[in-house]
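just coords:
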């Protein structure tokens with residue numbers, strides 16, 4: 001009789017433990033699903049922001065290239081200095 005009581009209580013204990021673990025597993029699966037959904041949402045938001053930044057960055061590079069092309073197409077600093085020096089020499093020679 002003692003042996004049967006021991007087996008019965010063991011069965012109750014293991015059944016309760018199984019139900020507890022089953023609940024934990026169900027809770028973990030639910031949390032995992034929710035976390036995956038949150039991760040997917042964050043990934044979508046990240047992709048949108050990344051595209052916006054890439055578009056803005058491409059505009060900056062294009063503007064910098066355009067500014068550089070404009071700077072190169074105009075007279076250089078040395079050419080302007082040489083022209084000013086020539087005018088200064090000519091003006092000084094006319095005045096004095």
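Okay, I see it. Since the model is a prediction, treat every value here as computed from it, not as a measurement. Numbers count the residues shown, from 1 in each chain.

so where do the helices sit in the chain?
Taking DSSP state H as the test, the helices found in the chain are 2-73, 77-95.

what would those helices look like in TSV with mean neighbour count and mean pLDDT?
(Glycine included, C-beta is placed from N, CA and C.) Formatted as TSV, those follow (neighbours: other Cβ atoms under 10 Å; pLDDT from 0 to 100):
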stretch	mean neighbour count	mean pLDDT
helix 2-73	10	80
helix 77-95	10	71
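
Roughly how far does residue 14 sit from residue 40?
With the distance defined as Cβ to Cβ, to the nearest Å, residue 14 ends up 38 Å from residue 40.

Over to residue 87?
From residue 87 across to residue 40, the span is 69 Å (Cβ to Cβ).

do residue 83 as well
With the distance defined as Cβ to Cβ, residue 83 ends up 64 Å from residue 40.

Equivalent analysis for residue 59, please.
To residue 40, residue 59 is 29 Å away according to Cβ to Cβ.
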